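Engineer: Following is a predicted model, sequence given first.
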Amino acid sequence: MKTKTISKTAILVLAVMSFACGGGESSADKVESDKTPVEVEAAKPVPAIIEEPIVEEEQVEEVIEEQSTIALSGEQKIANSDCLSCHLVERKVIGPSFKEIAAEYKPTEDNITMLASKIINGGAGVWGEAAMSPHPALSEADAKEMVKYILSLYE
């Protein structure tokens with residue numbers, strides 16, 4: 001019984017293999033008969049290299065200056081900084097919430113300048129033991145915009 005099952009299986013495998021091979025036609029013969037001549041187009045001329053810049057340097061500098069003068073709001077400046085790692089608008093994290101700061105300080109020019117200075121130079125002791133790290137790369141104008149946004153949150 002086992003011999004008949006093995007013999008039938010062997011015959012079936014041999015039959016499948018012979019049909020899978022393409023009936024005796026070699027693949028090399030098949031490739032030779034399918035070859036057709038290929039037409040080759042002539043090479044197109046390469047465009048000349050422009051040695052002069054398309055835009056003059058003065059125009060480029062004007063565009064850069066225009067882009068750098070686009071002012072971000074204080075809220076956007078805060079979002080693009082590391083402020084939100086220690087402060088949130090409504091909840092104390094490491095430092096006070098922005099709303100707590102707004103409730104403590106009136107939006108006077110003196111307070112805006114003092115708080116901007118604290119952002120740039122860092123500070124400690126006003127809101128607890130945690131010290132605020134300095135941000136010396138921040139300009140005074142940007143720091144003031146950030147403070148103005150924070151103080152605008154007073155309800």
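Structural biologist: Right, received. Where do you want to start?

Engineer: Okay, and K148 sits in which element?
Structural biologist: K148 is part of helix 140-151 when elements are defined by DSSP states H and E.

Engineer: and G95, how many neighbours?
Structural biologist: 20 (other C-beta atoms under 10 Å). The C-beta positions use only the backbone N, C-alpha and C, and glycine is treated the same way.

Engineer: Tell me how far it lies from D142.
Structural biologist: 18 Å (C-beta to C-beta, to the nearest Å).

Engineer: re earlier: can you list the helices and strands that the helix holding K148 packs against?
Structural biologist: Contacts defined by 3 or more C-beta pairs under 8 Å, 6 or more residues apart in numbering; DSSP states H and E place helix 140-151 against helix 74-79, helix 98-104, helix 109-121.

Engineer: Buried residues of that helix, list them for me.
Structural biologist: 142-151 (16 or more other C-beta atoms under 10 Å).

Engineer: Go through those residues and name the one nearest D82.
Structural biologist: M146 (11.9 Å; C-beta to C-beta).

Engineer: give me the low-pLDDT residue ranges for this structure?
Structural biologist: For the chain, the stretches flagged by pLDDT under 70 are 1-7, 10, 12-36, 46-71.
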